[in-house]
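**Q** No sequence on hand, only this structure:
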């Protein structure tokens with residue numbers, strides 16, 4: 001399942017949205033797909049990017065599954081995360097694309113099948 005995530009930074013009041021997860025019809029077809037919130041390095045824009053899409057270059061985006069994009073570590077059964085297959089993002093203490101502080105939260109708003 002995929003979710004529309006609302007991003008909100010408590011430091012600078014940044015707001016944004018990004019897609020996270022996979023759609024059922026893609027999973028049932030056997031294709032790999034997982035949209036992950038990411039920052040486009042050139043523009044600083046928050047986007048939902050398919051992390052398995054080879055046309056989206058890893059060097060063009062900073063994905064929120066990368067430990068440099070959140071503060072602390074992910075500890076199983078202790079850290080609040082949103083998961084899609086083997087991809088995990090933290091709900092809190094994420095790096096804001098606007099102020100670069102680790103005060104951004106991801107809040108699931110809408111879930112798609």
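**A** Cool, got the structure. For clarity, every value in this text was computed on a predicted model and none was experimentally measured.

**Q** Next, count neighbours for residue 13.
**A** 10 (other CB atoms under 10 Å). Placement of C-beta: from N, CA and C, glycine included.

**Q** residue boundaries of the helices in the chain?
**A** 24-28 (DSSP state H).

**Q** From residue 89, how far off is the residue positioned nearest the centre of it?
**A** Nearest residue to the geometric centre of the chain (CA atoms, centre = their mean): residue 37, 2.7 Å. Separation of residue 37 from residue 89 (CB to CB, to the nearest Å) stands at 6 Å.

**Q** what's the overlap in contacts for the two?
**A** By CB atoms under 8 Å, 6 or more residues apart in numbering, residue 37 and residue 89 have these common neighbours: 20, 64, 106.

**Q** Mind checking which of these land in strands?
**A** 20, 106 (DSSP state E).

**Q** would a markdown table of the shared contacts of residue 37 and residue 89 with distance to residue 5 and neighbour count be doable?
**A** Shown next, in a markdown table, are the shared contacts of residue 37 and residue 89 (distance: CB to CB, whole Å; neighbours: other CB atoms under 10 Å):
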| residue | distance to residue 5 | neighbour count |
| --- | --- | --- |
| 20 | 5 | 23 |
| 64 | 9 | 27 |
| 106 | 5 | 25 |
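
**Q** Skipping its backbone neighbours, what lies nearest the residue nearest to the centre of the chain in space?
**A** Excluding the flanking residues, the one nearest residue 37 by CB to CB, 6 or more residues apart in numbering is residue 18, at 3.7 Å.

**Q** Repeat that for residue 7.
**A** Per CB to CB, 6+ apart, closest to residue 7 is residue 16, 4.4 Å.

**Q** picking that back up, which residues are in contact with the residue nearest to residue 37?
**A** With contacts defined as CB under 8 Å, 6+ apart, the neighbours of residue 18 are 4-5, 7, 35, 37-38, 46-48, 106.

**Q** Stretch 92-101 spans what distance, first to last residue?
**A** End-to-end distance for stretch 92-101, by CA to CA, to the nearest Å: 12 Å.

**Q** the bottom helix or strand of the protein by mean pLDDT?
**A** Ranking every helix and strand in the chain by mean pLDDT, DSSP states H and E puts helix 24-28 at the bottom, with a mean of 51.
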